[in-house]
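In: what shape does this take:
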Amino acid sequence: MKSYLDLPPAIANSEVITLIPWVDKRFDAVGFDPRSAYVEQFWLATLGPATTWFLRHCAGLLDHTACTPLNLEEAATALGIKHEGGIGSAMVRTVARACRFRTARIVGESTLSVRRRLPQVSKRQLQRLPGAARRRHQEFLSINSDVNALALKQSRARQLALSLINSGDTISETERQLTAMRMHPAVVAEAVHWAWDSISSTDDQAGGGQAGGQAGLKVSASSISMRTPKPVPPLAISPSSDSALAGPAMSR
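Out: A predicted model of the protein is given here:
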């Protein structure tokens, strides 16, 4: 496991590195966007604010491309922290913390691979949360108990998310609006994920493979066939996955 002491010099001392998505089929289908309410409510206490916002920043950069340069100094400025180079830099410590908790990893000497979907928090991470947060997480898990009710909620949430994103709202704006309608975070996360992937897939087909797609391209809801809503399967938390994803406890 890498700490800030053993990050490659190219990461610790460079101004610009390469950013790519961390493709992980275990979590890409059922995980949570770093910009989601789930990550804000349940991952923030583990990752800390700087690392959480860093992952959100990276998610935005990777929305339309599979590889992009990342200017660490500019990213640090956007996050409100400093990047002066070297292992003592606040930006380098932020990158190292992301790696420490398996939300990012170093590939080669100057490439950072970042998860676009975070898994459900582990049991150990959940135990460190305040009681109110643990109760909210239990509510999140219990929503899977009624499959029929969940399917109806997902169908409505998907249609609303598709309409909002198609009208120009960002992922964060769409999620805030659905949350304001008292929809459960699990339903909101799945609906926004589904709608964004549906529109992105249609954009790619319409653009004939043009990299990045076209900003502001609108897709009508009728042009995308709605898939049969499926409940979000609860992510089984096994002892092995806990140890692989939770990372060590460390002060921010």
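In: counting contacts, what elements does the strand or helix carrying residue 137 pack onto?
Out: When secondary structure is defined by DSSP states H and E, residue 137 falls within helix 131-142. Counting contacts by 3 or more Cβ pairs under 8 Å, 6 or more residues apart in numbering; DSSP states H and E, the secondary-structure elements packed against helix 131-142 are helix 123-127. Where you see a C-beta, it was placed from the backbone N, CA and C, and this is true even at glycine.
In: return the helix or strand where residue 200 lies as PDB; C-alpha atoms alone will do.
Out: Taking DSSP H and E as the definition, one finds residue 200 inside helix 185-206. Output of helix 185-206 as PDB, limited to C-alpha atoms (Å, rounded to 0.1, in the frame of the first residue of the first chain):
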ATOM      1  CA  PRO A 185     -30.200   8.300  -1.800                       C
ATOM      2  CA  ALA A 186     -29.900   4.700  -3.100                       C
ATOM      3  CA  VAL A 187     -32.700   5.300  -5.600                       C
ATOM      4  CA  VAL A 188     -31.300   8.700  -6.600                       C
ATOM      5  CA  ALA A 189     -27.800   7.300  -7.100                       C
ATOM      6  CA  GLU A 190     -29.000   4.500  -9.300                       C
ATOM      7  CA  ALA A 191     -31.400   6.700 -11.400                       C
ATOM      8  CA  VAL A 192     -28.700   9.400 -12.100                       C
ATOM      9  CA  HIS A 193     -26.200   6.700 -12.900                       C
ATOM     10  CA  TRP A 194     -28.600   5.000 -15.300                       C
ATOM     11  CA  ALA A 195     -29.800   8.300 -17.000                       C
ATOM     12  CA  TRP A 196     -26.200   9.600 -17.400                       C
ATOM     13  CA  ASP A 197     -25.000   6.300 -19.000                       C
ATOM     14  CA  SER A 198     -28.000   6.200 -21.300                       C
ATOM     15  CA  ILE A 199     -27.500   9.700 -22.600                       C
ATOM     16  CA  SER A 200     -23.700   9.200 -22.900                       C
ATOM     17  CA  SER A 201     -24.200   6.000 -24.800                       C
ATOM     18  CA  THR A 202     -26.600   7.700 -27.200                       C
ATOM     19  CA  ASP A 203     -24.300  10.700 -27.600                       C
ATOM     20  CA  ASP A 204     -21.400   8.300 -28.600                       C
ATOM     21  CA  GLN A 205     -23.600   6.600 -31.200                       C
ATOM     22  CA  ALA A 206     -24.800   9.900 -32.600                       C
END
